[in-house]
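> Sequence first, predicted coordinates after that:
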Amino acid sequence: MSTKSITYAGGDPIQYGLVANFNRPGGNITGINDISGDLGPKRLGLLRDLLPTASRFAILVNPTGPIAESSVAQARAAVSTIAPAIEVVRASTSREIDVAFAGLAQSRIDAVLVDNVTLFFSRRVHVVSLAMYHRLPAIYAQREYADVGGLMSYGSDFADQQRRAGIYAGRILKGEKPADLPVQAPSKYELAINLKTAKTLGLTVPPSLLARADEVIE
């Protein structure tokens, strides 16, 4: 599919220069935009639902990524209604991730939001292990974090996105041009809660939050 290609976009295709715009991508690339930085406020709200007395929140971002500043701005705007401020911690290497979590624990942060970037996702076992070691409640963007022991995740439904990307691939194989197929946003989101991790951290998940979960890992 060199002249008629489709991509499952794991990042913002505009920021990465893959397409001209979402409605008219141009060229030979289209697909599903998986960027969900705008879900940061939702994730912070879920943390607050879990920890109603928490007052100190942090967000872990990759400063070299294209969405870091946007994620920080959205988190600051959201947290202003539930806490005085949000601490921003930056890490772009495994060593810096280690240092970041140690610093968060030393600062007695109540909970941390891990930004939706490839750097952290590719190191999700390491990131989750650090959060557990330092006994830091954390929320993540993908269910895969919860699958490896992360406390809670909220993000787009990957299986649904793959299905929709497959539909696009079929349309392209039948002759439609990628340039004419809008880049789609996620349409389904899922909340996963790892009860085993919650118990290890000494947390009780409110029944109202459990009722909203699409998956509960016990």
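Nice, thanks for sending it over.

> helix/strand/coil for E96?
Using DSSP: H, G, I helix; E, B strand; the rest coil, the structure places E96 in helix.

> residues near it, how many?
When neighbours are counted by other CB atoms under 10 Å, E96 registers 16. All C-beta spots, glycine's among them, are computed from the backbone N, C-alpha and C.

> Which residue ranges of the protein form strands?
Here the chain has its strands, by DSSP state E, at 57-61, 86-90, 111-114, 138-140, 152-156, 189-194, 215-217.

> would you turn the ones you listed into TSV with mean pLDDT?
Output for these, formatted as TSV (pLDDT from 0 to 100):
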stretch	mean pLDDT
strand 57-61	94
strand 86-90	93
strand 111-114	96
strand 138-140	97
strand 152-156	91
strand 189-194	94
strand 215-217	95
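
> okay, those strands in a markdown table with distance to D180 next?
Compiled in a markdown table, these are given as follows (distance: least, CB to CB, whole Å):
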| stretch | distance to D180 |
| --- | --- |
| strand 57-61 | 35 |
| strand 86-90 | 39 |
| strand 111-114 | 36 |
| strand 138-140 | 35 |
| strand 152-156 | 24 |
| strand 189-194 | 27 |
| strand 215-217 | 36 |
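
> Which residues belonging to stretch 189-199 are considered buried?
Neighbour-count burial for stretch 189-199 flags 190-195, 197-198 (criterion: 16 or more other CB atoms under 10 Å).

> mind saving the C-alpha coords of that stretch as PDB?
Extracted in PDB, the C-alpha atoms of stretch 189-199 (Å, rounded to 0.1, in the frame of the first residue of the first chain):
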ATOM      1  CA  TYR A 189     -13.500   5.300  26.100                       C
ATOM      2  CA  GLU A 190     -12.900   2.900  29.000                       C
ATOM      3  CA  LEU A 191     -12.200   3.100  32.700                       C
ATOM      4  CA  ALA A 192     -10.200   0.300  34.200                       C
ATOM      5  CA  ILE A 193      -9.600  -0.100  38.000                       C
ATOM      6  CA  ASN A 194      -7.100  -2.500  39.500                       C
ATOM      7  CA  LEU A 195      -8.600  -3.500  42.900                       C
ATOM      8  CA  LYS A 196      -5.600  -5.600  43.800                       C
ATOM      9  CA  THR A 197      -3.400  -2.500  43.500                       C
ATOM     10  CA  ALA A 198      -5.900  -0.400  45.400                       C
ATOM     11  CA  LYS A 199      -5.800  -2.800  48.300                       C
END
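
> Run through who's touching that stretch.
39, 46, 132, 143, 146-147, 149-157, 204-205, 209-210, 212-218 (CB atoms under 8 Å, 6 or more residues apart in numbering).

> how does it look with 7 Å?
Stretch 189-199 is touched from outside by 143, 146, 149-157, 205, 210, 212-218, with contacts defined as CB atoms under 7 Å, 6 or more residues apart in numbering.

> Quick one: buried ones out of these?
143, 146, 149-157, 205, 213, 217.

> Just name the closest of those to N21, please.
If you rank the buried ones among the contacts of stretch 189-199 by distance to N21 using CB to CB, S156 comes first, at 20.4 Å.

> I'm done for today, thanks for sticking with me.
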